[in-house]
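K.L.:
Dropping the sequence and predicted coords here.
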Amino acid sequence: MKKLNMFIIALCLLLALSGCNKSEKTSQAQAEGTQTAVSAEPQKKITTINSIALYDGTPLYVENEDGKMVYKDEMLLGESLKIYFADDQMEEKEAIRLLSSGKEESFNFVHVSYYDNDYWTRDIFITDNTKLQAGIILYDTLTYTAADGTSATSKKLEEGTIVAVDPDSKTTDSDLDIDFINVTYYSGTAFGKTAFIKTDSVSYNAADIVANQTLSRILANDSLNPEIEDLLFDYLETIGVSSYMEERIKAAYDEVLNRRN
């Protein structure tokens with residue numbers, strides 16, 4: 001868990017962090033006794049794509065000297081990160097996760113960058129579609145298998161659920177005059193499960209996501225210094241949240257005041 005001062009700084013980052021490129025050193029060998037240069041192994045092209053954390057407390061791991069994954073840090077639900085690609089191939093591998101209890105399990109891990117630090121995380125906790133951005137469900141809503149009002153499923157996304165949204169996927173069912181948008185949510189499967197929902201049931205205003213993360217941390221920590229709580233609530237008044245989130249902030253502040261008494 002990041003220290004509180006780092007968390008406050010992170011709250012100010014409403015835009016996704018820009019990706020960074022890594023470079024690998026290469027060498028060139030020259031055959032002895034000939035004039036022919038022999039090239040070393042070609043340098044891999046390293047790139048990144050945007051990703052979203054779909055799970056609250058998404059774990060971040062580092063490799064130990066035995067090549068096993070050891071817990072190092074975690075991400076808030078809806079936070080942005082980067083996935084590394086080498087020569088247009090996602091950097092991922094099967095590895096053993098080592099728990100503090102000594103238990104070992106093998107999973108698929110993906111190489112990621114978070115606040116310019118390199119980690120590994122499991123593929124079930126993140127998205128792999130660079131178009132996606134974090135969104136919040138505004139009211140309980142059914143999911144649909146297509147942008148078609150007749151394709152409703154029994155799966156419901158509850159108010160306040162954080163999902164990843166594809167803003168370019170807006171589609172209208174002209175027969176029923178319903179607007180749909182495609183979302184991805186945590187399902188315990190690699191890179192989440194996709195579905196369509198009604199467009200007006202989700203907000204992907206970046207300020208709403210930051211506010212939701214902030215409220216979750218405030219309400220989960222009943223020993224937080226009241227001055228810090230007030231500082232965070234004051235900050236939330238300045239970042240341009242939706243009317244939906246304004247109501248949630250007000251309710252959270254009332255809850256905080258009640259527990260102080």
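P.N.:
Done, it's in.

K.L.:
which other residues reach stretch 106-124?
P.N.:
Stretch 106-124 has contacts (Cβ atoms under 8 Å, 6 or more residues apart in numbering) with 10, 17, 19-20, 48, 51, 55, 58-63, 69, 72-73, 75, 79, 81-84, 90-97, 126, 186, 188-192. Yep, even glycine has a C-beta here, placed from its N, CA and C like the rest.

K.L.:
7 Å instead?
P.N.:
20, 48, 51, 58-63, 69, 72, 75, 81-84, 90-97, 126, 188-191 (Cβ atoms under 7 Å, 6 or more residues apart in numbering).

K.L.:
same question, stretch 174-186
P.N.:
54-55, 127, 129, 132, 135, 144, 147, 149, 157, 161, 163-166, 169-173, 192-199, 202.

K.L.:
Tell me the gap between that stretch and the middle of its chain.
P.N.:
Offset of stretch 174-186 from its chain centre (Cα atoms, centre = their mean, to the nearest Å): 22 Å.

K.L.:
Now it: average pLDDT?
P.N.:
For stretch 174-186, the mean pLDDT works out to 96.

K.L.:
can you tell me how far Asn221 sits from Tyr55?
P.N.:
Using Cβ to Cβ, to the nearest Å, Asn221 is found at 20 Å from Tyr55.

K.L.:
picking that back up, name only those of the contacts of stretch 174-186 that count as buried.
P.N.:
Neighbour-count burial (16 or more other Cβ atoms under 10 Å) applied to the contacts of stretch 174-186 gives 54-55, 127, 129, 132, 135, 144, 147, 157, 161, 163-166, 169, 173, 192-199, 202.

K.L.:
now Asp148, what's its secondary structure?
P.N.:
coil (DSSP: H, G, I helix; E, B strand; the rest coil).

K.L.:
From Asp200, how far off is it?
P.N.:
On the measure of Cβ to Cβ, Asp148 and Asp200 end up 17 Å apart.

K.L.:
Likewise for Asn225?
P.N.:
38 Å.

K.L.:
how about the strands in the stretch 151-261 of the chain?
P.N.:
Ranges of strands in the stretch 151-261 of the chain, per DSSP state E, counting those that start in this stretch, are 152-157, 162-173, 178-185, 193-198, 202-203.

K.L.:
packing partners for the fourth one?
P.N.:
Packed against strand 193-198, as judged by 3 or more Cβ pairs under 7 Å, 6 or more residues apart in numbering; DSSP states H and E, are the following elements: strand 141-144, strand 178-185.

K.L.:
can you redo the ones you listed as CSV with distance to Thr214?
P.N.:
Conversion of these to CSV gives the following (distance: least, Cβ to Cβ, whole Å):
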stretch, distance to Thr214
strand 141-144, 24
strand 178-185, 21
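
K.L.:
any idea which of those is most buried?
P.N.:
strand 178-185 (a mean of 20; mean count of other Cβ atoms under 10 Å).

K.L.:
Can you tell me the closest non-neighbouring residue to Gly78?
P.N.:
Spatial nearest neighbour of Gly78, chain neighbours left out: Ala134 (3.8 Å); criterion: Cβ to Cβ, 6 or more residues apart in numbering.
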